[in-house]
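Asker: below are the sequence and a predicted model; questions follow.
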Amino acid sequence: MEETIKVSIGGISFAVNKDAYQRLDLYLKDLESHYSTKPEGKEIINDIESRIAELLLECHTTDEVVSAERVDEVIKIMGRPADFDEEEEGEKGSESKSTFQAKPEEPATSSDTIRRRLFRDTADRVIGGVCSGLAHYFNISPVWVRLFFAIFLVFKFVKFGFFIHFHSFAGGLSSLMILTYIILWIVIPEAKTRIQKSQMFGRDPGVKGVEDEYNNPQQPHGRWLGRLFKIFIGLFLLLIAFGLLGAGWFAFLGSNKFFGVNPVSIMDYLQMPWWWGVLGKVSAVLFIVLPILALTYAGIWLIFNLKRPKWHPGLIMFALWILSIIGLSVFSSDKVFNLASSTSTFKKEFVKPYDTLYVEYAKLPDTMDGEPVKWMKMADYLDEAVGKNRASNYVVDWDVKTDDEDEVVVNDESPYDRDYLLYTTEGKKNKKYALYPKIHVLFKNSSSIVTEEDSLGNITTKIVKDETITPDLEVTVEKLLSSKKFFKEGDDEEAAEKLVEIKDSLIILHPNIASKKRKFDGALVSTKLFLPDSSVVIIK
Amino acid sequence: MEIKDQNEMNFDLNAENIKAQMRKGVLEYCILSILRKGDSYVSPLIAELKEAKMIVVEGTLYPLLARQKNQGLLSYRWEESPAGPPRKYYSLTEKGHKALEVMDEAWGDVIKTVDFIKNGTTALSKEI
């Protein structure tokens, strides 16, 4: 079968055979060397190309292979540049001589200065042809670019146990590189036509695309400085974008300040109608991601001098970003989601004024939603997830250190104050959280030393117990989320009842469990136990 | 001998120049005249010029069109064509129309002059 070559002439693609291609190529190069130095040269060449396309179309459909004979005919009709240059010689007598002298140099310079353009090389691709395209642009072997990306992938999947900081850093970096690859994939156009493929390698395509030439008129000197400036600005933008992404990654997604879930999905654990959750999530993600995306896009666009797409991506991104701000402000408004807390306090009575009270932490359920659950202390989880030394940085308010002793005896000499106890489940998926109420044991001075002097002058001291001071339990419910829209009036008391149970002398502290199915109602319960100083509390 | 040769050469060159310039001048005049009848794209223009045997190879036309456009005599607009690439539709500008009027006059003068020289007094004397 005869070899055919796809070419674009005057913006229309033709299939030509090899002979025809060579002839066309020669002819157009001839034209170019004649006209490229003249002020209207490009336009003249483009007009001639359009006409050639028209002449070819007169007796060909676009599918038909153009033969060498037909090309010869067309060239004969059009005439060789020398033929019509002669006709023009009159006016430009001296000038055309000087161009003639310059002529031998021209082909060399014109083919050398063809600007490389960035395309994805889908003919040589592993995923999207991004790496090979970049390699062609920088005139290096695709192997290097692929290796560069592959190294980061290794970070993603291989754990570097020896140095925990490096591992989390490298993991973040590899996610960043994957994101970069995807953005490049979207932004960089695929090399589809033969001309684009030639431009990708910086080769002279031989037959110039008319459209391209119109959009990028060549002004070699001014453009060079402009390009340099654009590349500089582009690199700067990319730097900012990566900085933002990195900062966001480490401060936000990568950290465990939010107890092992990222703050976006923490909304899954909060009691609110799902659509508010969606609004909040989408707005938050867009708000964070869009500026980074926009900066990356703009940077790449400037560096590689890409064409301005027709769908105004910048404008769309800006509009979406504004929308995300509106969404966030609606979401965080008083009516929907409010972090301002409200507190209410309830008093609980004991049946009798026991001298000894017991406090017990209720057991965590072994199964939830029909699945076995493995609980661990938040501290242990963080140790595992972040590393022992750093975990303490993340836990500020929450006392996750529990005493290992089975029992703690609390009396007047050793008052007791224990913060919320937080447990979580193993793994990263479908996490569940259990929060035990705070407990603070306070002693009141109930006995006083009474000195009595009787008629004999004997002084006796007696310890008198104030019987009016009895054990007293105060339960405070603090609502982190005080939106009236979602939390009923009176459910504070419900929470107090549910989480703090009194059975005779036993106080049972129940965990407030939150999962994606059982959402956190925002209730933080703390208990204060006021006791006469003679009593003892045993905490299990 | 040497001097004579050089003179001959110079003359040849000049004659070539004059011929080329004459043809070009007339060709430019023709292009403008065709466009006066209505806007057109290159193909009909070429067809008419070829029919009138004004041009032999089509390539001649393009540098001329480009120059006339630069001089402000012509302007063009892009129009889609039913098949093939979009076409440039050329039309005369106001300046073009004025230039054409001057050319018309000049052309009339040239005809008369040539007529006068070739045929004696006839054409010119009649008018005078």
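Answerer: Arrived safely.

Asker: isn't residue A:439 right up against residue A:529?
Answerer: Yes - contact status for residue A:439 versus residue A:529: in contact at 6.7 Å, counting by C-beta atoms under 8 Å. Any C-beta I mention is one placed from the backbone N, CA and C, and that applies to glycine too.

Asker: just name the shakiest helix or strand of chain B by mean pLDDT.
Answerer: helix B:122-127 (a mean of 50; mean pLDDT, DSSP states H and E).

Asker: the residue nearest to residue A:373 when sequence neighbours are not counted: what's it in contact with?
Answerer: With C-beta to C-beta, 6 or more residues apart in numbering or on different chains as the criterion, residue A:373 has its nearest non-adjacent residue at 5.7 Å, and that residue is residue A:425. The contact partners of residue A:425, taken as C-beta atoms under 8 Å, 6 or more residues apart in numbering or on different chains, are A:373, A:374, A:375, A:376, A:431, A:432, A:433.

Asker: return the distance of the nearest residue to residue A:129 once chain neighbours are set aside relative to residue A:286.
Answerer: Nearest non-adjacent residue to residue A:129, counting by C-beta to C-beta, 6+ apart: residue A:120, 3.8 Å away. To residue A:286, residue A:120 is 27 Å away according to C-beta to C-beta, to the nearest Å.

Asker: neighbour count winner among these two?
Answerer: residue A:120 (26 against 20; other C-beta atoms under 10 Å in any protein chain shown).

Asker: how far away is the more buried one from chain B?
Answerer: 26 Å (C-beta to the nearest C-beta, to the nearest Å).

Asker: swap in residue A:435?
Answerer: Counting by C-beta to the nearest C-beta, the gap from residue A:435 to chain B is 69 Å.

Asker: run a quick neighbour tally on the closest residue to that residue other than its chain neighbours.
Answerer: Among residues not flanking residue A:435 along the chain, residue A:512 sits closest, at 4.7 Å (C-beta to C-beta, 6+ apart). Residues near residue A:512, counting by other C-beta under 10 Å, number 21.

Asker: cool, and residue A:73?
Answerer: 14.

Asker: tell me the contacts of it?
Answerer: Neighbours of residue A:73 in contact, by C-beta under 8 Å, 6+ apart: none.

Asker: what residues of the helix or strand where it lies count as buried?
Answerer: Using DSSP states H and E, the element containing residue A:73 is helix A:68-78. Within helix A:68-78, the residues that count as buried by 16 or more other C-beta atoms under 10 Å in any protein chain shown are A:68, A:70, A:71, A:74, A:75, A:77, A:78.

Asker: shared neighbours of residue A:439 and residue A:529, anything?
Answerer: What both residue A:439 and residue A:529 touch, as defined by C-beta under 8 Å, 6+ apart, is the set residue A:359.

Asker: ok, these two, which is more surrounded?
Answerer: residue A:439 (25 against 22).

Asker: per-residue confidence for residue A:262?
Answerer: Turning to residue A:262, the model gives it a pLDDT of 59.

Asker: return the member of the contacts of residue A:425 nearest to residue A:41.
Answerer: The closest of the contacts of residue A:425 to residue A:41 turns out to be residue A:431 (C-beta to C-beta; 68.2 Å).

Asker: can you list phi and psi of whatever residue of chain A ends up closest to chain B for me?
Answerer: Across chain A, the shortest distance to chain B (C-beta to the nearest C-beta) belongs to residue A:79, at 2.3 Å. Main-chain dihedrals, residue A:79, degrees, to the nearest 10: phi 90, psi 150.

Asker: that one against residue B:60, yeah?
Answerer: Yes - counting by C-beta under 8 Å, residue A:79 does reach residue B:60; the two are 6.5 Å apart.

Asker: more neighbours: which of these two?
Answerer: residue B:60 (24 against 19).

Asker: please report how far the more buried one lies from residue B:70.
Answerer: Where residue B:70 is concerned, residue B:60 sits at a distance of 17 Å (C-beta to C-beta).

Asker: now residue A:172
Answerer: Going from residue A:172 to residue B:70 by C-beta to C-beta gives 58 Å.

Asker: between these two, which one's more packed in?
Answerer: residue A:172 (19 against 12).

Asker: name the element that one belongs to?
Answerer: For residue A:172, the enclosing helix or strand under DSSP H and E is helix A:164-187.

Asker: do residue A:149 as well
Answerer: Using DSSP H and E, residue A:149 falls in helix A:142-157.
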